[in-house]
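Enquirer: Turn this into a structure:
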Amino acid sequence: MGPEPKVLFDHNMPPCIARALHELVKIDGHEAYALKDRFPISISDIDYFNKLDRNWIVISKDLQNARKKAERQALHRNKIVAFYLSPSLQKKKVGEQAAAILWHWDKMLAQRATVENGLFQLPENKSRFRTL
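Expert: Next up, the predicted model:
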């Protein structure tokens, strides 16, 4: 088994969620970061996707990005698993978004372990991920 997955929260996600999640998951060997804590704020999505590898999970609110051909190709090429908050979850308060991410945490790790790459919608409730 390889290194434990790391999670990167895109610029459109509150950095406080990444920092709080890091504190909760580091005891199990996982890491969580806000994008701005790892890369220059001006980095493009494709450029940072190209700097990641198969150990990474990306969490974002940018559902439009999930539909862009070049971005999708970069995610697939670098074997990244990305989760995009559903529109209803995006409308929730930061604490509720964090709670949903925590609720799905183990399932996100299992998804990372079982698929080579992919883009998925993170639901507000306890339903399954939807492939994008």
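
Enquirer: Name the next helix or strand downstream of the helix or strand harbouring Leu102, please.
Expert: Per DSSP states H and E: Leu102 is located in helix 94-114. Downstream of helix 94-114, the first helix or strand assigned by DSSP H and E is strand 118-122.

Enquirer: so that following strand versus helix 94-114, what angle?
Expert: 150 degrees (axes from the mean of the first three to the mean of the last three Cα atoms, to 10 degrees).

Enquirer: Tell me where the protein has strands.
Expert: Using DSSP state E, the strands found in the chain span residues 6-9, 31-34, 56-60, 81-85, 118-122, 130-131.

Enquirer: Can you give me the distance of Ala70 to Leu122?
Expert: 22 Å (Cβ to Cβ, to the nearest Å). C-beta: built from backbone N, CA, C; applies to glycine.

Enquirer: Between these two, which has more neighbouring residues?
Expert: Leu122 (23 against 12; other Cβ atoms under 10 Å).

Enquirer: Setting aside sequence neighbours, what's the nearest residue to the more buried one?
Expert: Phe83 (4.4 Å; Cβ to Cβ, 6 or more residues apart in numbering).

Enquirer: what about the one you found, how many neighbours?
Expert: 25.
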